[in-house]
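K.L.:
I need the structure of the sequence given here:
(one chain, ligands or ions: 1)
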Amino acid sequence: MGAQQVAERFAELYGAEPEGVWAAPGRVNLIGEHTDYNDGFVMPFALPHRAVAAVSRRTDGVLRLHSADIDGGVVELSLDALAPGGDGNWTAYPAGVVWALRDAGHGVTGADVHLSSTVPTGAGLSSSAAVEVVIALALNDLFALDLPGWKLARLCQRAENVYVGAPTGIMDQTASACCEQGHALFLDTRDLSQRQIPFDLAAEGLRLLVVDTQVKHAHSGGEYGKRRAGCEKGAALLGVDALRDVPYDGLDAALARLGDEEEVVRLVRHVVTEDQRVERVVALLRAGETRAIGPVLTEGHASLRDDFRISCPELDLVVDTALAHGALGARMTGGGFGGSAIVLTEAAEVDTLTKAVEEAFAAAGHAAPRVFEAVPSAGARRLS
Ligand code: GAF
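P.N.:
Below is the predicted model of the structure:
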């Protein structure tokens with residue numbers, strides 16, 4: 001969806017040109033899953049799929065919202081009436097951002113918004129974060145708030161945790177706000193320090209496929225929160241602030257201390273080994289050994305499937321089929337319980353792999369998956 005089209009629709013809806021148009025992307029997480037609420041490491045990159053918003057300021061305490069992707073007209077809200085625990089509608093994401101900005105003392109006095117997004121929803125590709133971040137960035141510019149990307153990401157996370165009620169970490173919003181084209185973002189979620197790691201797969205004859213299983217998921221559902229609570233229990237039992245503080249070479253001793261807390265043992269093992277996998281992937285990419293990250297991605301999938309227990313038959317089928325047909329590595333990506341898997345492959349194998357996965361889905365009686373190539377793209381920015 002181009003800036004001009006979104007601006008034109010805004011003018012039709014609100015009777016005036018927007019003050020500007022902004023975009024914020026969805027993301028794929030290369031490695032580092034369910035580590036972000038454990039103060040650990042993640043490594044997402046931005047997709048070309050993005051939310052685009054045309055926005056103008058208002059001064060009368062009114063927020064008007066419209067989405068090209070949702071049936072229904074303009075929704076009008078009073079800023080003073082915005083409060084957490086809302087109606088569970090799509091408007092909770094943009095409204096939650098406005099609430100979070102105002103709750104942090106920023107002088108946002110109202111806005112007219114028209115949104116349109118190409119990020120698939122419920123596919124583990126951060127469609128919600130893209131909407132949150134595009135609104136935050138637009139208001140940051142229009143009200144001259146001068147907040148850096150990482151701070152906008154924090155406010156968006158607060159909108160999602162407190163206003164929407166989904167207990168997510170900081171990865172998705174930071175990815176959408178801070179990623180750069182041609183790079184993956186190595187993020188330490190404890191202090192939010194970032195390093196942009198060059199990730200140009202095409203130059204090496206490689207491709208990364210996203211396979212959207214079309215199995216929909218939601219983070220406000222109980223399973224995500226249960227995993228998070230289990231990780232927090234593990235940290236408490238081990239006497240550390242967060243599982244990030246359990247060293248990889250002290251993992252066996254830590255697990256022994258957890259005794260017969262079997263479920264906590266599995267969660268801790270995933271988080272500690274996953275943090276180490278992120279560090280291995282960073283080291284391999286920095287050494288120019290991109291193909292060698294494949295097996296690390298696959299290890300990550302096994303850990304999410306067997307220890308964290310958040311995969312599903314469709315995600316496992318993508319991974320198993322891709323590996324059986326020569327993929328270099330494959331794993332589920334995002335929160336789990338459905339959504340998407342990623343497949344690292346030689347460029348020459350893309351068609352064979354795509355066909356194999358589609359045939360495997362048909363043979364298993366699953367709905368057809370959606371397969372596309374993920375190209376590391378730009379983070380949030382103003383378009384006009
Ligand atoms: C979802 C959450 F929003 C992220 O914060 C992260 O925890 C991810 O699941 C799992 O890595 O996308």
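K.L.:
Please name every helix or strand in contact with the helix or strand containing Gln157.
P.N.:
Taking DSSP states H and E as the definition, Gln157 sits inside helix 149-158. Judged by 3 or more C-beta pairs under 8 Å, 6 or more residues apart in numbering; DSSP states H and E, the packing partners of helix 149-158 are helix 92-103, helix 127-142, helix 171-178. For every residue, glycine as well, the C-beta is placed using N, CA and C.
K.L.:
closest point of the stretch 201-350 of the chain to the ligand, which residue?
P.N.:
Per C-beta to the nearest ligand atom, Gly335 is where the stretch 201-350 of the chain lies closest to the ligand, at 3.2 Å.
K.L.:
which intervals of the stretch 51-200 of the chain have sub-threshold pLDDT?
P.N.:
Residues of the stretch 51-200 of the chain that meet the criterion pLDDT under 70 lie in 86.
K.L.:
How about the residues of it by the ligand?
P.N.:
Contact residues (C-beta under 6 Å from any ligand atom) of the stretch 51-200 of the chain with the ligand: Thr168, Gly169, Met171, Asp172.
K.L.:
and the second one, how many residues sit next to it?
P.N.:
As a burial measure, the neighbour count of Gly169 was computed by other C-beta atoms under 10 Å and equals 23.
K.L.:
just to revisit the earlier point, just give me the closest of the residues of the stretch 51-200 of the chain next to the ligand to Cys156.
P.N.:
Nearest to Cys156 among those: Asp172, at 8.6 Å, using C-beta to C-beta.
K.L.:
The closest one contacts Ser127, correct?
P.N.:
No - if you go by C-beta atoms under 8 Å, Asp172 and Ser127 don't touch, sitting 9.4 Å apart.
K.L.:
And these two? Which one has more around it.
P.N.:
Taking other C-beta under 10 Å, Asp172 and Ser127 do not tie; Asp172 has more neighbours (31 against 22).
K.L.:
Where does the closest residue to Gly334 other than its chain neighbours sit: helix, strand or coil?
P.N.:
Among residues not flanking Gly334 along the chain, Gly124 sits closest, at 2.7 Å (C-beta to C-beta, 6 or more residues apart in numbering). Using DSSP: H, G, I helix; E, B strand; the rest coil, the structure places Gly124 in coil.
K.L.:
Same question for Arg277.
P.N.:
helix.
K.L.:
just the helices in the stretch 151-300 of the chain please.
P.N.:
Assigned helices in the stretch 151-300 of the chain, in chain order: 171-178, 222-238, 251-257, 262-286, 294-306 (criterion: DSSP state H, counting those that start in this stretch).
K.L.:
What angle do helix 222-238 and the fourth one make with each other?
P.N.:
Using axes from the mean of the first three to the mean of the last three C-alpha atoms, to 10 degrees, the interaxial angle of helix 262-286 with respect to helix 222-238 works out to 90 degrees.
K.L.:
Quick check: mean pLDDT of helix 262-286?
P.N.:
What helix 262-286 shows for mean pLDDT is 98.
K.L.:
about what we covered before: residues near the residue nearest to Gly334, how many?
P.N.:
31.
K.L.:
Might one say that it is in contact with Ile342?
P.N.:
No - using C-beta under 8 Å, Gly124 makes no contact with Ile342, being 9.8 Å away.
K.L.:
where do the contact lists of the two overlap?
P.N.:
Common contact partners of Gly124 and Ile342 (C-beta atoms under 8 Å, 6 or more residues apart in numbering): Thr333.
K.L.:
Please name the nearest non-neighbouring residue to Glu223.
P.N.:
Phe337 (5.7 Å).
K.L.:
wait, the one you found sits on Lys216?
P.N.:
No - counting by C-beta under 8 Å, Phe337 stays clear of Lys216, with 9.2 Å between them.
K.L.:
What separation do you get for the residue in the stretch 1-150 of the chain positioned nearest to the ligand and Lys355?
P.N.:
Distances between the stretch 1-150 of the chain and the ligand by C-beta to the nearest ligand atom are smallest at Glu33, namely 4.0 Å. From Glu33 over to Lys355 the distance is 27 Å, taken as C-beta to C-beta, to the nearest Å.
K.L.:
Please consider this matter closed, and thank you.
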